[in-house]
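Asker: Pasting a predicted model and its sequence here:
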Amino acid sequence: MPNYLWPPMDKRVVMGKRLNRLDGPDKSTGRAKYNSDLNPDGLLFGVLLTSPYAHAKIKSIDISAAKNLKGVTAVRVIKEPGFEIQWEGAEIAAVAAVSEEIARDAVRLIKVDWEVLPHVVKEDDLSKVGNRAKASGEQTTGDPEAAFKEADVISEGEYGIPVLTHCCLEPHGQTVAWSGDKVEYNPSTQNVSAIGTDLGKLINVPATNIHVHMDYMGGGFGSKFPADLWGEQAARLSKESGGKPVTLFLERSTELQIAGNRPSVFGKVRVGAKSDGTITAWESKTWSSGGFGGGGFNSQAFPYVFGKIPNKSINHQAVSLNTGSARAWRAPNHPQLSYLTCSAFEDLAAKLKMDPIDVFKKNLQYTDRPEVYAKQLDIAAGLIDWKKNWHQRGDSGSGHIKHGLGLGIGTWQGGGHASKCRTVIHPDASVEVELGSQDLGTATRTMIAMIASETTGLPIGRIKIKIGDNSFPNSNGSGGSTTIGGVTTSTRKATVNALDKLFEKVAPILGTTPDQLEAVDQHIRVKGHPEKSMTWAAACQKLGTDTITAEGENVPRQSMQEGMISAGVGGIQMSHVSVDIEIGVVTIVRHVAVHDCGLVVNPKTAESQVYGACIQSICGALMEERVMDAATGRMLNADMEFYKLAGIGDIGEIIVHMDIAPEHDKRGVIGLGEPPTIPGVVAIANAVANAIGVRVGTVPLSPARVLAALERRNA
């Protein structure tokens, strides 16, 4: 029986080392080519006509002038007369032309007659949405009414976290071409192995006739799984243009309007507690929207992480808006849940005049991992100098610059997904590792190479990693922090299986049995007898003209039983901010993130994931939100000038501590992409409340909102 188990921590040669990304030089020098960079011979340019209205019916559409424009190769009507549009940016028609300029001119020639209908595009004030709010979750546990009556203290607050839109640096889209009945498909996708099947259903082509390839992608964050309507239209434009390649990537405005968003959550929360900080009751009345479908927010997870609080009343409503729909957005639901929960807990601590760390610790028995959280709270507190810098809310001294500290908590599952891998050993001593996965910018290539290197005893440079193609063994889409567990396990099993076959070839030569051989430092040697060895190259020469091919598979349930992977992590983040109370500007002084994720294959790239997540959290806390105009139904900031994201001067000092310890390592590999995006927004919001002495209930913490909160406090 092959031994697939990970080597012990003290025996690892490559795993656990701080190695650079393999694709770093290619990306930093521009040699890396994204599918949006492709420029094949005869390339045509696809452009969409989208709806300028949030809610309207198409009365008629005339494409004749567009079709007659010189240089136009195809024009397609996507939504026929009579169709009722439900959000701005919805796809109406598509054009392919020999240049992008001609395609845009053609789109402007398409005449649409509209019947504009009433719309609702804002949900922050529930009293203004009419009949658009529907019950979407009600739960009562224990006896919350009695618990509130018996509570020594009750804290109440109103909180809001708005819709954030996906804003991938490489917009959604693809380049696609036909050759007979075959389709060459180059999308920006998180789902290389399966997206061809999705496209095939849309264009009535067998999945086996669709070749998918993608070397690099410019971000997805949960939004790039399906082929989408724009993928279907690009393929049909290509076919109607004689099979020539068509590139169709969304414009930035359309990307922000329709390519997915993270749902909002607004609500009123009441918390009851004993005088020592023990929470006895929770009540939340919340509402949210992720677009026309209303969202899909999991309100049953309140109070977040502290789910064992005995007395709970939860009421939630989903609001249907005439806006683009929600998609998975790096830890779906969790940042919103953490924001409302931790804001309410910190407000309770302020009312009790207790240190919020003490309140959180007092209630860790209501969590699934109390020992882990207690340890992480202590580590984070040390890194941010909590004892030195924390003060009672608002007690931040004289002067117009106020300092404050805040914290947030998070959790995630992150178990590895289904994945298959193929390892090939050639007579010339080269090794190839193939799997139909994708690297979203998370160093997946590097992780695969490190596992193969650890297993074979070869330097990483001797191993060729081949991913990003659906001709390779299937590996599931990258979402939910499942990729690392999936690809490392399938790679480990494939390389062990291939190595065992090589051992069978050379064992007789070394006078032993295959189970007594090991691969170390580019040699095959007898265990306990390093003098009995041969070089890797010499061993491969024994293959003659044959190659060794072996596959390995991650079957999640089986791999969890084996101890290769696991699920369930914690995380604590703390933030130190300064606030200029004269102008309302919040500045990040220091942000600390402490996270565990089981066995850490590469601490350097793991920390990189956390840094990126912290930056996203700073964006969400200080500047990022979708701004809708109630009168016109339009998104007012569908561009990179006004849909603000953090720059290097906005993020302050970020300190990342990976909680690497034997008790976590023995759990196997667990994903990390999602968890560090969860606690950051609320840690910053709590720090601002601590600094200025009043809660700014809704993020982002813009100067206008901060000044308004200060005015309320002073009043």
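Answerer: Here it is on my side, so go on.
Asker: For the rest of this, base every contact and every neighbour count on C-alpha atoms.
Answerer: OK.
Asker: how far does stretch 134-152 sit from the chain's center?
Answerer: Relative to the centre of its chain, stretch 134-152 is centred 33 Å away, using Cα atoms, centre = their mean, to the nearest Å.
Asker: I meant stretch 257-276, not that one.
Answerer: 20 Å.
Asker: And for stretch 473-492?
Answerer: Its chain's C-alpha centre lies 15 Å from the corresponding centre of stretch 473-492 when counted by Cα atoms, centre = their mean.
Asker: cool, stretch 225-245 as well?
Answerer: 27 Å.
Asker: Now the residue nearest the centre of the chain: phi and psi?
Answerer: Closest residue to the average C-alpha location of the chain: residue 330 at 2.8 Å, with Cα atoms, centre = their mean. Phi and psi for residue 330, reported as degrees, to the nearest 10, are phi 30, psi 90.
Asker: which residues does it contact?
Answerer: Counting by Cα atoms under 8 Å, 6 or more residues apart in numbering, residue 330 makes contact with 221, 222, 480, 673, 674, 677.
Asker: Outline the domain layout of this protein.
Answerer: Taking automatic domain parsing as the reference, the chain has its domains at 35-118+174-249, 261-414+566-714, 417-562.
Asker: ok so residue 571 is a helix residue?
Answerer: No: with DSSP: H, G, I helix; E, B strand; the rest coil as the criterion, residue 571 is strand rather than part of a helix.
Asker: Can you check the pLDDT for it?
Answerer: Residue 571 is assigned 98 on the pLDDT scale.
Asker: who touches it in this structure?
Answerer: Going by Cα under 8 Å, 6+ apart, residue 571 touches 373, 376, 409, 410, 411, 593, 594, 595, 596, 675, 676, 679.
Asker: give me the number of residues near residue 397?
Answerer: Residues near residue 397, counting by other Cα atoms under 10 Å, number 11.
Asker: So what does it have for phi and psi?
Answerer: phi 80, psi -180.
Asker: How about the one 4 residues further on?
Answerer: Backbone torsions for residue 401, taken as degrees, to the nearest 10, come to phi -100, psi 120.
Asker: what about the helices in the stretch 151-300 of the chain?
Answerer: Ranges of helices within the stretch 151-300 of the chain are 192-203, 228-240, 252-258, based on DSSP state H, counting those that start in this stretch.
Asker: Looking at those, which is nearest to residue 607?
Answerer: When the helices of the stretch 151-300 of the chain are ranked by distance to residue 607, counting by Cα to Cα, first place goes to helix 192-203 at 25.8 Å.
Asker: For the contacts of residue 330, pick the one with the most neighbours.
Answerer: Using other Cα under 10 Å as the neighbour criterion, residue 677 leads those with 29 neighbours.
Asker: how much space between residue 549 and residue 12?
Answerer: Per Cα to Cα, to the nearest Å, residue 549 is found 25 Å from residue 12.
Asker: Which one of these two is surrounded by more residues?
Answerer: Remark: of residue 549 and residue 12, residue 549 carries more neighbours, 18 against 13, as counted by other Cα under 10 Å.
Asker: Which of the contacts of residue 571 fall in helices?
Answerer: Mapping those onto helices (DSSP state H) picks out 373, 376.
Asker: From the contacts of residue 571, list just the buried residues.
Answerer: Among these, the ones that count as buried by 16 or more other Cα atoms under 10 Å are 373, 376, 409, 410, 411, 593, 594, 595, 596, 675, 676, 679.
Asker: Which residue, other than its chain neighbours, is closest to the last one?
Answerer: The spatial neighbour of residue 679 that comes closest, neighbours along the chain excluded (Cα to Cα, 6 or more residues apart in numbering), is residue 408 at 4.5 Å.
Asker: Let me know how buried that neighbour is, in neighbour terms.
Answerer: Residues lying near residue 408 (other Cα under 10 Å) number 31.
Asker: Same check on residue 374?
Answerer: Number of residues near residue 374 (other Cα under 10 Å) recorded here: 16.
Asker: Three-state assignment for the nearest residue to it once chain neighbours are set aside, please.
Answerer: Spatial nearest neighbour of residue 374, excluding adjacent residues (Cα to Cα, 6+ apart): residue 361 at 6.4 Å. Assigned by three-state DSSP, the conformation of residue 361 is helix.
Asker: Which strands or helices does the top helix by length along the chain pack on?
Answerer: Using DSSP H to define each element, the chain has its longest helix at helix 483-506. Helices and strands touching helix 483-506, by 3 or more Cα pairs under 8 Å, 6 or more residues apart in numbering; DSSP states H and E, are strand 419-425, helix 444-456, helix 536-541, strand 548-554.
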